[in-house]
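Colleague: quick one, fold the following:
(chains A, B, C, D, E and F)
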There are 6 protein chains.
Amino acid sequence: MRPSGRAPDQMRTIAFEPHFTRHAEGSVLVSFGDTRVLVTASVEEKVPPFLRGKGQGWVTAEYGMLPRATHTRGNREAAKGKQSGRTQEIQRLIGRSLRAVVDLTKLGERQIVLDCDVIQADGGTRTASISGAWVALRIALDKLLESKALKEDPIHTQVAAVSCGVFKGTAVLDLDYDEDSAAGCDGNFVLTADGSIVEAQVTAEGECYDEELLLRMLRLARIGCGEIFEAQLKAVGK
Amino acid sequence: MRPSGRAPDQMRTIAFEPHFTRHAEGSVLVSFGDTRVLVTASVEEKVPPFLRGKGQGWVTAEYGMLPRATHTRGNREAAKGKQSGRTQEIQRLIGRSLRAVVDLTKLGERQIVLDCDVIQADGGTRTASISGAWVALRIALDKLLESKALKEDPIHTQVAAVSCGVFKGTAVLDLDYDEDSAAGCDGNFVLTADGSIVEAQVTAEGECYDEELLLRMLRLARIGCGEIFEAQLKAVGK
Amino acid sequence: MRPSGRAPDQMRTIAFEPHFTRHAEGSVLVSFGDTRVLVTASVEEKVPPFLRGKGQGWVTAEYGMLPRATHTRGNREAAKGKQSGRTQEIQRLIGRSLRAVVDLTKLGERQIVLDCDVIQADGGTRTASISGAWVALRIALDKLLESKALKEDPIHTQVAAVSCGVFKGTAVLDLDYDEDSAAGCDGNFVLTADGSIVEAQVTAEGECYDEELLLRMLRLARIGCGEIFEAQLKAVGK
Amino acid sequence: MRPSGRAPDQMRTIAFEPHFTRHAEGSVLVSFGDTRVLVTASVEEKVPPFLRGKGQGWVTAEYGMLPRATHTRGNREAAKGKQSGRTQEIQRLIGRSLRAVVDLTKLGERQIVLDCDVIQADGGTRTASISGAWVALRIALDKLLESKALKEDPIHTQVAAVSCGVFKGTAVLDLDYDEDSAAGCDGNFVLTADGSIVEAQVTAEGECYDEELLLRMLRLARIGCGEIFEAQLKAVGK
Amino acid sequence: MRPSGRAPDQMRTIAFEPHFTRHAEGSVLVSFGDTRVLVTASVEEKVPPFLRGKGQGWVTAEYGMLPRATHTRGNREAAKGKQSGRTQEIQRLIGRSLRAVVDLTKLGERQIVLDCDVIQADGGTRTASISGAWVALRIALDKLLESKALKEDPIHTQVAAVSCGVFKGTAVLDLDYDEDSAAGCDGNFVLTADGSIVEAQVTAEGECYDEELLLRMLRLARIGCGEIFEAQLKAVGK
Amino acid sequence: MRPSGRAPDQMRTIAFEPHFTRHAEGSVLVSFGDTRVLVTASVEEKVPPFLRGKGQGWVTAEYGMLPRATHTRGNREAAKGKQSGRTQEIQRLIGRSLRAVVDLTKLGERQIVLDCDVIQADGGTRTASISGAWVALRIALDKLLESKALKEDPIHTQVAAVSCGVFKGTAVLDLDYDEDSAAGCDGNFVLTADGSIVEAQVTAEGECYDEELLLRMLRLARIGCGEIFEAQLKAVGK
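Modeller: Modelled structure (predicted):
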């Protein structure tokens, strides 16, 4: 049995609390069990230099973890003066994942910045971030559609992410911190609501894996993302 | 009339939500109206180099603001690679204020780090941080006392802070963002529950002030801190 | 008795040596006893980005300390790659203090940078810097007025600063390094020649203080600044 | 047909030139077509702080690209003062991949640093780096085994990596720069000689993919890595 | 006898391998014995800000050393986040030396960046860099002349550099690493093919020197640069 | 005629004002005409890591320029977060030059840091720094000898430096800023009082030079350093 006592294909309780803060155009507090991430979507009426004048928009993400989101306090990245490789890897993944479901030309020359700040960490912060970022983005774009700043909806489908891993030879879904530490390998799957794969990353952590385990993890990910897609829709009132 | 419609000596609604996160030894979400700051107290069994072997402890603070805590998104300090002068000024003030009510020799060779992260900003983030830091510290030290890691209570009194300013010639208490922007001068007062002053900082912002206004602001600060002291006690169950 | 043997309300010898260097539009070597600060005022025909096109000017300050200005050598900030929190706090204070007596719209779209570099430190470097900065600024603006680059004088009054503290229960004026180290609390007052307060900052250093001591320190500050105002006028030949 | 004219399952010419430089304990110049990476393995008789005294070793990697390895010159990371997110992501992947085939306890308290520097880039620099790193590591450890510094061989199998992608709906192997730019999605597979998967990362670049394409890419990767494994053995004389 | 067994006026084998990489407008792998430096010349159709609109071009250089180019691994400058003083000193010297033989007005508003990356170090990396940079620059400008982007040749003569030193009282030419470590003083001479001196730098390393030794070193440098000039011409096919 | 109206072999007025500041073990304000540099020597009872336990000392230098030491204000290096290549090149030269006349084993395990801060710049700041550094070092070591902390004098001779250049074909001595800007080439010579050369660096700035000009500059440098040696001795009372 897995450390959390959950069945292999059982997600933690997931929750989206939309409009958690009031200044951002879109915001949500997403929880995957004890993992809690605040995601805000900020609309900026400008694009990065490499896109200026090209008639399209951009979606990007930044990721951070409060110093004591974790079991033991980590150093504040702002105080250290640089973002870790892990932070950069995660924020690049979040940005890529969201851009996969957005038609940037329909966005016009504006940028949406998705800030994902981990308030409390218990495994799966990047997958919670991606899943929450879609909600924050949806809320922000709904405002732009309502105000007629946008004519067409740039989002063509939902995107969500969930982690999977192999624990004592069995593929399991949505690892918490204890399970992640004990897993032989673990991965993250970013899927769309229409069944496609945006990103699959599976890494051996002590034990290599084979094609069969890879496929099992992918199938668990489909189950998990299915639940998330439903919760996302409810959060944005659709 | 002041922009918020409050009476000159009227605080915003203040609230302390203790144990907001679960990993830190002490944590609280403090609200002064729409300003919300998450404060965690982390106990570390080591002291900074300049105190090693001196048989005393240390209390320090770090301060940060989520990029979209504000009306328009600010750059992430971790991404810029340095903390602003404002951030450093505030975290030095928080640390100094808390050390004023702690007997560092009773703390033993351990350090308490108070992380103050602004989730939403509407004026007074530094005073909310100081007021919340006392609660987080109190909770963390109560745990150390309970577990007998500490024999004597290092905290000798409460500390709280509140801002005051001069709006159209009248001294007013606990400015929100709009009031702060319109004030002729503004200040921060850090007071202890036994009536002493830990820090007073009053800065002209467009209009200089005189001794009488300084004293009026100090008296308003006493009123405000009185309310905060009560709320702090309730939050820590005393 | 205070360590320096001075009376509680007695300043150290203060001196302004104007035109200490020749390239800057304004320059002065200011001494408060053994504390010596070189202040230069540089006129730049541009403003910072946030003011471009607004038809007004800006006054800003930078502060630095030569590595061996102090009793033991400190690390060079340029070599460490960043300015300390203390440095940033001081240079923000100097800039704010000078802007309080300057009408920025009369300055036109130009910036005055006040560089305050401590040659030798013996307490009170920030108050000497503010007091000297007024002299350097006055000299630089006199040149602009003479050359008709400015039509009206942007400076409406003098500004000066002095430190005060509480030593063994007595409020004392203009602390040197030894006194500062031994003081229970210490503060800095920035006053204008017409009797107003620009900034008051009083910090408990080991001992809290009360309203009465705050007022005594403020009154001592008035005495000290009175002396400085006279010396400033003499230095600029008025 | 793919831009390079190669068959979907056809690798570019791969070559390993061992002992390319003389100071490093192991070195190789690896070529995947026009992509050329110099990999050196440096043996250090110390481990990073988190491993001190734990009786095991460490394998880590650093990655860099010469400014004009690419079609247009990129800025030198040393001059910019920081490594890009991409650089950090790649060097973390290389380190993880090599550690997957090394028994760190057999290494003793020493660290092997694998420096992968791209001399010329034409797609696939990270997979060439991983494949070359194994050769450099093998050479360095053979020296340690020969000199009896090591008793047992810490490497338990070979590791290699290759990229795959989907070009106009067809899965293709070992993309060069032009193909990579035109691919709908692309991925990197890190495999061991005994048939296991160390890491699979497949990212949609404009087009999402499905399970079938994922499996096809994995099968192509097995073909490609098979060729690399043979070439690696020849390079180290086995 | 000198450590290398060479006669005092004997160069190491020098070699230029032009077109070593294919993306750069000019490239060469230069060897002075075991010292090997890859130099690329990149043509950029822009100039640095201080030259904009002045109708002239610029030639600049950057220098780097692969971490394991040396006997023991050095830290990667990109990872440390800054270039050492030595690196900056060398790249400034290379840039200055090349500009001495280029008529910048004939270059038009474009910049040539000369990247000198040390693949393997055995003494004399800066002199090999300068000598190789001329070859890379010559190749790049020949392309611009061929394509008629340039009308006149901006290069008016050849430039080369070689090190000299004093070993046990005798002036010797082209020091390798062992000789350099043992030399009493060492210097670098940058000369033009028409017999002029561009730069002479001779530094005492343990032993001071006199005018006579300075002149002997200069004469040895003429001999060494003579050989280099011939090899440069052969490399560029002239 | 040269711009300053001086004869080719005529120095500017040079002056050493010893004991300019009081905290440093040695200090001097050195002037070469309008160039003024404050040099302090700080004695530290520790050595850099690479010398620990080797029974010898170290002499090192740091160099800085106040932002408005120059005609137009330069950016503060501490604010920019890094020292320029020029700064690093100069401070390396100063350190090397002083070490050439010090027997580091006689110094014991202590370090002398020579801080050279340019108060006003008018050409020749590095040569004034070296010449002044000898005075500050001499004063500091005299104190150590007096207090018996040192048994033998580690300084075996004087060292001084002066710039030379070629102006309209004539070699001239000790260039001021205007002359330096107009010179065809310029160099710095570091000489000892017993007639040896520590460092010679001559750089073409627009015009190459020949052996004869090099020798003429060296001879002028001997004249200039002769004057400096006398003034140094007078400054230290010998």
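Colleague: which residues does residue A:13 contact?
Modeller: By Cβ atoms under 8 Å, 6 or more residues apart in numbering or on different chains, the contact set of residue A:13 is A:31, A:33. The way it works is simple: take the backbone N, C-alpha and C, and place the C-beta from them, glycine included.
Colleague: how much space between it and residue A:176?
Modeller: According to Cβ to Cβ, to the nearest Å, residue A:13 stands 11 Å off from residue A:176.
Colleague: so for these two, which residues contact both of them?
Modeller: residue A:33.
Colleague: list of residues touching the longest helix seen in chain A?
Modeller: Ranked by residue count, the top helix of chain A under DSSP state H comes out as helix A:211-235. With Cβ under 8 Å, 6+ apart as the test, helix A:211-235 has contacts from A:8-9, A:11, A:14-18, A:28, A:131, A:134-135, A:138, A:158, A:160-162, A:164-166, A:171-174, A:185, A:187, A:189, A:191, A:193, A:195, A:197, A:200, A:202, D:197, D:200, D:211, D:214-215, D:218.
Colleague: and that helix, how far out from the chain middle?
Modeller: 13 Å (Cα atoms, centre = their mean, to the nearest Å).
Colleague: and the pLDDT at the residue nearest to the spatial centre of chain A?
Modeller: For chain A, the residue nearest the mean C-alpha position is residue A:130 (1.2 Å; Cα atoms, centre = their mean). Note on residue A:130: pLDDT of 98.
Colleague: so what's residue A:19 up against?
Modeller: By Cβ under 8 Å, 6+ apart, the contact set of residue A:19 is A:27, A:28, A:139.
Colleague: how about residue A:236?
Modeller: A:18, A:135, A:138, A:139, A:142.
Colleague: ok, the residue nearest to the residue nearest to the centre of chain A when sequence neighbours are not counted to residue F:105 distance?
Modeller: Distances taken as Cβ to Cβ, 6 or more residues apart in numbering or on different chains place residue A:161 nearest to residue A:130, at 3.9 Å, with adjacent residues excluded. Using Cβ to Cβ, residue A:161 is found at 64 Å from residue F:105.
Colleague: so those two - more neighbours on which side?
Modeller: residue A:161 (27 against 12; other Cβ atoms under 10 Å in any protein chain shown).
Colleague: doesn't the more buried one lie inside a strand?
Modeller: Yes. Assessed by DSSP: H, G, I helix; E, B strand; the rest coil, residue A:161 belongs to a strand.
Colleague: that one and residue A:191 touch, don't they?
Modeller: Yes. The pair residue A:161 and residue A:191 qualifies as a contact (Cβ atoms under 8 Å) at a distance of 7.3 Å.
Colleague: which residues of chain A fall in strands?
Modeller: For chain A, strands defined by DSSP state E occupy the ranges A:14-18, A:26-32, A:35-44, A:58-65, A:111-120, A:159-167, A:170-173, A:185-192, A:197-204.
Colleague: can I get those in a markdown table with mean pLDDT?
Modeller: Compiled in a markdown table, the strands of chain A are given as follows (pLDDT from 0 to 100):
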| stretch | mean pLDDT |
| --- | --- |
| strand A:14-18 | 98 |
| strand A:26-32 | 98 |
| strand A:35-44 | 98 |
| strand A:58-65 | 98 |
| strand A:111-120 | 98 |
| strand A:159-167 | 97 |
| strand A:170-173 | 96 |
| strand A:185-192 | 96 |
| strand A:197-204 | 96 |
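Colleague: so which of the ones you listed gets nearest residue E:37?
Modeller: Proximity to residue E:37 (Cβ to Cβ) singles out strand A:197-204 among the strands of chain A, at 37.8 Å.
Colleague: off-centre distance for that closest one?
Modeller: For strand A:197-204, the distance to the chain centre is 14 Å (Cα atoms, centre = their mean).
Colleague: what inclination does it have with respect to strand A:185-192?
Modeller: 180 degrees (axes from the mean of the first three to the mean of the last three Cα atoms, to 10 degrees).
Colleague: do strand A:197-204 and chain D meet at all?
Modeller: Yes. For strand A:197-204, a contact with chain D is found by Cβ under 8 Å from any Cβ of the partner chain, at A:197, A:198, A:199, A:200, A:201, A:202, A:203, A:204.
Colleague: any idea what the fifth one is bridged to?
Modeller: The reference is to residue A:201. Beta-bridge partners recorded for residue A:201 (DSSP bridges): residue A:188, residue D:201.
Colleague: what about it, neighbour count?
Modeller: By the criterion of other Cβ under 10 Å, residue A:201 has 21 neighbours.
Colleague: could you do residue A:212 as well?
Modeller: Residue A:212: 9 surrounding residues under other Cβ under 10 Å.
Colleague: now check stretch A:102-114, is it near chain B?
Modeller: Yes. Stretch A:102-114 is in contact with chain B by Cβ under 8 Å from any Cβ, via residue A:113.
Colleague: spit out the contact partners of the residue in chain A that chain E sits nearest to.
Modeller: Chain E sits closest to residue A:82 of chain A, with a gap of 7.5 Å, by Cβ to the nearest Cβ. By Cβ under 8 Å, 6+ apart, the contact list for residue A:82 reads B:78, B:81, D:82, E:81.
Colleague: contact residues of chain A facing chain B?
Modeller: Going by Cβ under 8 Å from any Cβ, the residues of chain A near chain B are A:21-24, A:27, A:34, A:36, A:38, A:40, A:42, A:44, A:62, A:64, A:66-73, A:76-83, A:87, A:113, A:115, A:117, A:119-121.
Colleague: try 7 Å
Modeller: For chain A, the contact set with chain B under Cβ under 7 Å from any Cβ of the partner chain comprises A:21-24, A:34, A:38, A:40, A:42, A:44, A:62, A:64, A:66-68, A:70-71, A:73, A:76-79, A:81-83, A:113, A:115, A:117, A:119-120.
Colleague: and stretch A:32-46, which residues are buried?
Modeller: A:32-44 (16 or more other Cβ atoms under 10 Å in any protein chain shown).
Colleague: may I see those residues organised as TSV, with distance to residue B:3 added?
Modeller: Shown next, in TSV, are those (distance: Cβ to Cβ, whole Å):
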residue	distance to residue B:3
A:32	41
A:33	42
A:34	40
A:35	39
A:36	34
A:37	34
A:38	28
A:39	31
A:40	25
A:41	28
A:42	25
A:43	26
A:44	27
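Colleague: in contact with whichever residue of chain A sits closest to chain F, which residues?
Modeller: Nearest residue of chain A to chain F: residue A:81, at 9.2 Å (Cβ to the nearest Cβ). Shown in contact with residue A:81 (Cβ atoms under 7 Å, 6 or more residues apart in numbering or on different chains): B:81, B:82.
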